[in-house]
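Undergrad: here you go, sequence then predicted model.
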Amino acid sequence: MAPLTPRLQLKVDELFRRWLGDPHTQRALSHALRRIRDPGTTSDPAAAATPDADPGNTTSDPNPAPRPLPRPALRTTGPRTVHAHRKEEPPPQSPPPGHSVPAFYFPCGRPPPRSQDTEDVIALVECAFEGLPRGRAGLGDMAMVAKACGCPLYWKAPLFYAAGGERTGSVSVHMFVAMWRKVLLTCHDDAARFVRLLGRPGCRGLIQEDFVPFLQDVVNSHPGLAFLRAAKEFHSRYITTVIQRIFYTVNRSWSGMISREELRRSSFLQAVSQLEVEPDINRMTSFFSYEHFYVIYCKFWELDLDRDLTIDRSDLARHGDGAISSRMIDRIFSGAVTRVRLPRKVGKLGYADFVWFLLSEEDKTTPTSTEYWFRCMDLDGDGALSMFELEFFYEEQAQRMAARGVEPLPFHDLARQVLDLVAPRCPGRITLRDLKQCGLAGEFFDAFFNVDKYLAREQREQAGTPRDTDSDPAASAWDRYAAEEYDFLVAEEAMAEDDDHDEGLDNDVQQGWVGPGWVWPVSSQLRPLPRALPIFSIPRPFPPAFTQAPPLTQQPHPLLPRPCPSNPGPAHHFSGPAHYHPDPSLWSSTTPTFMCCAHYHRPYPL
């Protein structure tokens, strides 16, 4: 069949016939024809438009020759007659000032009713610079300048770089005042100012690379990340995780650029302000939690066997002991929910995309996770899930349940259940809006591609027990999952390092290193301990150090800050479990009795 082509001439002819058959058009043409035949006639067009306007005109040729239509400006014998029937249009008048339409679109924030006294703010900034040597501020001095500007503390890096500090290493008062005055005059709320400071010139939003200097300053200066500063190889991994969590939550348009409006609707700026008053970074569960990063990176490390920071289909299939169906894994790698970050590695999933996958898999109650899995199940991209698409995914799900000895429901029975669950507006077609409104998107998705969660939910419903009876009701599903996985990883690491310690201690006793009257050897005589697994070399956060050693029956946290006896200043952090001398009389009431060595993975008891 030949492709359809537009027939413009047919449409034009149709419109012309419609116009020609209009009664008003016919009356106007009749009046114009009479004026052409009798130029001296000055009849009123309004009278000619009436049915009795031309009662006796029967002498015209029944078959007149076709003539071209006259132009609107028609020459007549009497110019005075033409002007008699022409009405002068009044000149357009502008509406009075009091009736003008007020502005309703403010992309840079609504201006205040009264213009702020910008000069007072500038005066405070100049006073802050007066106390600095040579009137110049480095990045370490920007905390005082940020407070003088009325900004949160951790805006100091964006302020510094926006004023040109990256080029010169410091900012003069003139450079900063010129920049900040322009920001105050053009940006009227925190969202617009943050985009103006952090974004590139001329951009109306923030891309992922714009957050790197800001987050690097958080890593370098926040007290809750002090243990991470020495492990520079993990800075980029932590920053990447936080950036992906920001875009996962804030960038609701999936455009890859956070707009000012998206920033206003989110809680990100409030979380940045909270960094100033919250010393425990792990309480910032929305974006900055280090424990959440630890869980995500460990999960990725378990799947990345070749350590190239990418995973393929077979690697992702091992997640959750193979709970996700292969058809869904194929859809994830098809590009439906991933961005083109690895142009040279087709069929690979990078760490950034894995963050989105894990957040969506473990918490299907968020809007982004619902959109994530809906895109995967929408095979034809028409914005609705048909019965064909549901049957396509459930076919493998039924086979996996049968392989586990569970009799699956027939598809038509399951289809009736999910239609009753979702209650779509259009029967037989489930849209994204239907899934968001029903509030049970997690149950819907697990029924089609996650056999473990589907069976676990069915067992809980049959037993009539809720899932989390002892957990915090205010915590999200992701927060509960991250807390459980972190505790599991900590316990697993403690057990592994306890085994290494016991084996090393037995060897020390056999070789005479530890025994009655033994003396602590010099560091050159100490042999290196067995290297820990790579996954356990990631720095982990820790609770505050206790002032009294716990009993031997209590297992302490695997990683605690320990003050070094030779240098009782800053705390030292060890990656191994704490071990105490069997004689409690040797315990100190203020500091644990440990000697540390920089070349070793764990402290040795005295």
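TA: Yep, that arrived.

Undergrad: domain assignment for the chain?
TA: Using automatic domain parsing, the domains assigned to the chain come out as 109-188, 290-466, 480-508+518-605.

Undergrad: least confident of those domains, on average?
TA: Set side by side, the domains of the chain give their lowest mean pLDDT on domain 480-508+518-605, at a mean of 47.

Undergrad: what's near enough to touch Ala447?
TA: Going by CB atoms under 8 Å, 6 or more residues apart in numbering, Ala447 touches 394, 397, 414, 418, 454. In short, each C-beta sits where N, CA and C put it, glycine included.

Undergrad: could you dump these to TSV with neighbour count, secondary structure and distance to Ala494?
TA: What follows is the contacts of Ala447, written out as TSV (neighbours: other CB atoms under 10 Å; DSSP: H, G, I helix; E, B strand; the rest coil; distance: CB to CB, whole Å):
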residue	neighbour count	secondary structure	distance to Ala494
Tyr394	23	helix	42
Gln397	22	helix	37
Leu414	18	helix	43
Val418	20	helix	43
Tyr454	21	helix	33
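
Undergrad: identify, from those residues, the entry nearest to Cys426.
TA: Set against Cys426, the nearest of these by CB to CB is Val418 (14.3 Å).

Undergrad: how about that closest one, nearest residue that isn't a chain neighbour?
TA: Leaving out its chain neighbours, the residue that sits closest to Val418 by CB to CB, 6 or more residues apart in numbering is Phe444, at 5.9 Å.

Undergrad: the one you found: neighbour count?
TA: Neighbourhood size, Phe444 [other CB atoms under 10 Å]: 23.

Undergrad: so who does it touch?
TA: Applying CB under 8 Å, 6+ apart, we find Phe444 in contact with 418, 421-422, 435, 438.

Undergrad: secondary structure element for it?
TA: helix 441-449 (DSSP states H and E).

Undergrad: now do the same contact list for Ala163.
TA: 171, 175-176, 179-180.

Undergrad: and Asp452, how far from Gly322?
TA: In this view, Asp452 and Gly322 are 9 Å apart by CB to CB, to the nearest Å.

Undergrad: can you check Gln399 too?
TA: Gln399 is 13 Å from Gly322, where distance means CB to CB.

Undergrad: one more: Val183?
TA: Noted for Val183: a distance of 53 Å to Gly322, by CB to CB.

Undergrad: more neighbours, those two?
TA: Set side by side, Val183 and Gly322 show unequal neighbour counts under other CB under 10 Å, the larger going to Val183 at 18 against 13.

Undergrad: touching, the more buried one and Arg193? I think so.
TA: Yes: proximity of Val183 to Arg193 meets the contact threshold set by CB atoms under 8 Å, at 5.6 Å.

Undergrad: ok, back up a step: okay, the contacts of Ala163 in JSON lines with neighbour count, secondary structure and distance to Ala494 next?
TA: Formatted as JSON lines, the contacts of Ala163 follow (neighbours: other CB under 10 Å; three-state DSSP; distance: CB to CB, whole Å):
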{"residue": "Val171", "neighbour count": "29", "secondary structure": "strand", "distance to Ala494": "47"}
{"residue": "Met175", "neighbour count": "16", "secondary structure": "helix", "distance to Ala494": "52"}
{"residue": "Phe176", "neighbour count": "26", "secondary structure": "helix", "distance to Ala494": "49"}
{"residue": "Met179", "neighbour count": "17", "secondary structure": "helix", "distance to Ala494": "51"}
{"residue": "Trp180", "neighbour count": "23", "secondary structure": "helix", "distance to Ala494": "50"}
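
Undergrad: count the neighbours of Ala494 for me.
TA: Using other CB under 10 Å, Ala494 has 19 other residues around it.

Undergrad: does it sit in a helix or strand, and which one?
TA: Assigned by DSSP H and E, Ala494 belongs to helix 477-510.

Undergrad: need the distance between the two termini of stretch 365-383.
TA: Using CA to CA, to the nearest Å, the end-to-end distance of stretch 365-383 comes to 19 Å.

Undergrad: tell me the buried residues in it?
TA: If you call a residue buried by 16 or more other CB atoms under 10 Å, then stretch 365-383 has these buried ones: 366, 368-379.

Undergrad: next: stretch 233-240.
TA: Neighbour-count burial for stretch 233-240 flags 234-235, 237-240 (criterion: 16+ other CB under 10 Å).

Undergrad: which residues touch the nearest residue to Met328 once chain neighbours are set aside?
TA: Spatial nearest neighbour of Met328, chain neighbours left out: Phe449 (3.9 Å); criterion: CB to CB, 6+ apart. Shown in contact with Phe449 (CB under 8 Å, 6+ apart): 324-325, 327-328, 393, 396-397.

Undergrad: could you pull out the helices for the stretch 351-500 of the chain?
TA: Assigned by DSSP state H, counting those that start in this stretch, the helices in the stretch 351-500 of the chain fall at 351-362, 367-377, 387-403, 411-422, 432-438, 441-449, 451-463, 477-510.

Undergrad: alpha carbons only: can I get the second one in CSV?
TA: So the one you mean is helix 367-377. The C-alpha coordinates for helix 367-377 follow below in CSV (Å, rounded to 0.1, in the frame of the first residue of the first chain):
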residue,chain,number,x,y,z
PRO,A,367,6.9,8.2,42.3
THR,A,368,10.2,7.7,40.6
SER,A,369,10.2,4.0,41.2
THR,A,370,6.7,3.7,39.9
GLU,A,371,7.8,5.5,36.7
TYR,A,372,10.9,3.4,36.5
TRP,A,373,9.1,0.0,36.5
PHE,A,374,6.2,1.3,34.4
ARG,A,375,8.7,2.3,31.6
CYS,A,376,10.2,-1.2,31.8
MET,A,377,6.8,-2.9,31.5
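
Undergrad: run through who's touching it.
TA: Against helix 367-377 from outside (CB under 8 Å, 6+ apart): 248-249, 252, 254, 328, 331-332, 336-337, 356, 359-361, 363-364, 385, 389-390, 393, 432, 435-436, 441, 445, 448.

Undergrad: over to the third one?
TA: Taking CB under 8 Å, 6+ apart as the criterion, the residues outside helix 387-403 that touch it are 325-328, 377-380, 407-409, 411, 414-415, 418, 428, 430, 447-449, 451, 454-455.

Undergrad: in it, which residues are buried?
TA: For helix 387-403, the neighbour count (16+ other CB under 10 Å) marks 389-390, 393-394, 396-398, 400-401 as buried.

Undergrad: and the residues you listed as TSV, adding distance to Phe288?
TA: Putting the buried residues of helix 387-403 into TSV (distance: CB to CB, whole Å) gives the following:
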residue	distance to Phe288
Glu389	38
Leu390	38
Phe393	36
Tyr394	39
Glu396	38
Gln397	37
Ala398	42
Arg400	38
Met401	40
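
Undergrad: of those residues, which is the nearest to Leu275?
TA: Phe393 (41.7 Å).

Undergrad: distance check, the closest residue to that closest one other than its chain neighbours against Asp304.
TA: Spatial nearest neighbour of Phe393, chain neighbours left out: Phe448 (4.2 Å); criterion: CB to CB, 6+ apart. Noted for Phe448: a distance of 27 Å to Asp304, by CB to CB.
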